[in-house]
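Engineer: From the sequence below, what's the structure:
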Amino acid sequence: MRQPVRRDCISTLGLRRLLGGLALAAAILAAPGLVLAQDQAAEAPTFPRVMLSEQHGKWCKVRVGDQLPAFELPNLDGTPVKSPSLYGRAGTVVVFWSSDRWMARAALHDIGQLIAAKKVPAGVQVLGVAVGQSADAVEKATKAANIAAPQLIDQSGEAFAQVGSVALPRVYVLDGAGRIMWFDIEYSEATRRELRQSLAALAPAKQ
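Structural biologist: Numbering: from 1, shown residues only. As a prediction, this is how the structure comes out:
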């Protein structure tokens, strides 16, 4: 014989569910920092994906995840400097450039503005590598761009040849260990946007 359902049991179960929901809501309201932390973690900046055509890929000797080759070049004073000695503890933006390319001049100008506006995170260094340039030409170009960053002179192009060929400027973003996290072989609006995203990914807490 089927037993009748007791109404007091249904009421008790419903009450427990209601109280459980209220308790959960109260816990969330009492600890908004937990929810905020979870949201921030979900929205943590990431490095943009590097996408190259087959032809552009042939111009690249190093890719994301590779170490940027170390090299020794003179600075503006003519003193030989090893490139890793200029890297930042949190990361480095390395720009290979030539003043006869308008994109390179745009890159120097924009990055100079980021430095001046303190939008480069603490611990991140910017390093310029002037390809096929004399010290006088480099000094003139960097002064015009108003960029306050160390410059090395790759007059023979040997250092640039270790990373690729043809396309200048090139912008590489390295992590604190000198690994390539993102790069581009031009300087466009997309490059500008992705560079800012990469800087945020290097030090999200600083952005």
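Engineer: what's downstream of the helix or strand Thr92 falls within, the next helix or strand?
Structural biologist: Following DSSP states H and E, one finds Thr92 within strand 91-97. Sequence-wise, the next helix or strand downstream of strand 91-97 (DSSP H and E) is helix 102-116.
Engineer: could you give the angle of that following helix to strand 91-97?
Structural biologist: 150 degrees (axes from the mean of the first three to the mean of the last three C-alpha atoms, to 10 degrees).
Engineer: show me what contacts Gly91?
Structural biologist: Applying C-beta atoms under 8 Å, 6 or more residues apart in numbering to Gly91 gives the contacts Pro121, Gly123, Val124, Gln125, Val173, Leu174, Asp175, Gly176, Met181, Leu202, Ala203. Every C-beta, even on glycine, is put in place using the N, C-alpha and C of the backbone.
Engineer: rerun at 7 Å
Structural biologist: Contact analysis of Gly91 by C-beta atoms under 7 Å, 6 or more residues apart in numbering lists Val124, Val173, Leu174, Asp175, Gly176, Leu202.
Engineer: Tell me how far it lies from Pro169.
Structural biologist: Distance, Gly91 to Pro169, by C-beta to C-beta, to the nearest Å: 18 Å.
Engineer: With Trp97 instead?
Structural biologist: Noted for Trp97: a distance of 4 Å to Pro169, by C-beta to C-beta.
Engineer: And the helix or strand containing Gln55, what does it pack against?
Structural biologist: Using DSSP H and E, Gln55 maps to helix 54-58. Packed against helix 54-58, as judged by 3 or more C-beta pairs under 7 Å, 6 or more residues apart in numbering; DSSP states H and E, are no other helices or strands.
Engineer: which residues touch that helix?
Structural biologist: With C-beta under 7 Å, 6+ apart, helix 54-58 has contacts from Ile185.
Engineer: How far off centre is it?
Structural biologist: The gap between where helix 54-58 is centred and where its chain is centred comes out at 22 Å by C-alpha atoms, centre = their mean, to the nearest Å.
Engineer: State the phi and psi torsions of Ile147.
Structural biologist: Dihedral pair for Ile147: phi -110, psi 120, per degrees, to the nearest 10.
Engineer: That one: how many residues sit nearby?
Structural biologist: Using other C-beta atoms under 10 Å, Ile147 is surrounded by 22 other residues.
Engineer: For Ala148, which non-adjacent residue is spatially closest?
Structural biologist: Excluding the flanking residues, the one nearest Ala148 by C-beta to C-beta, 6 or more residues apart in numbering is Ile115, at 5.6 Å.
Engineer: list the contacts for that neighbour?
Structural biologist: Ile115 neighbours (C-beta under 7 Å, 6+ apart): Val126, Ile147, Ala148, Ala149.
Engineer: Of these, grab the buried ones for PyMOL.
Structural biologist: Of the contacts of Ile115, the buried ones can be selected in PyMOL as follows, counting by 16 or more other C-beta atoms under 10 Å:
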select buried, resi 126+147+149
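Engineer: How much space separates Val173 from Gln125?
Structural biologist: 11 Å.
Engineer: Sorry, slip of the keys, the one I care about is Ser165.
Structural biologist: From Ser165 across to Gln125, the span is 25 Å (C-beta to C-beta).
Engineer: So if I had to pick from these two, which one is more boxed in?
Structural biologist: It is Gln125, of Ser165 and Gln125, that has more neighbours when counted by other C-beta under 10 Å, with 18 against 12.
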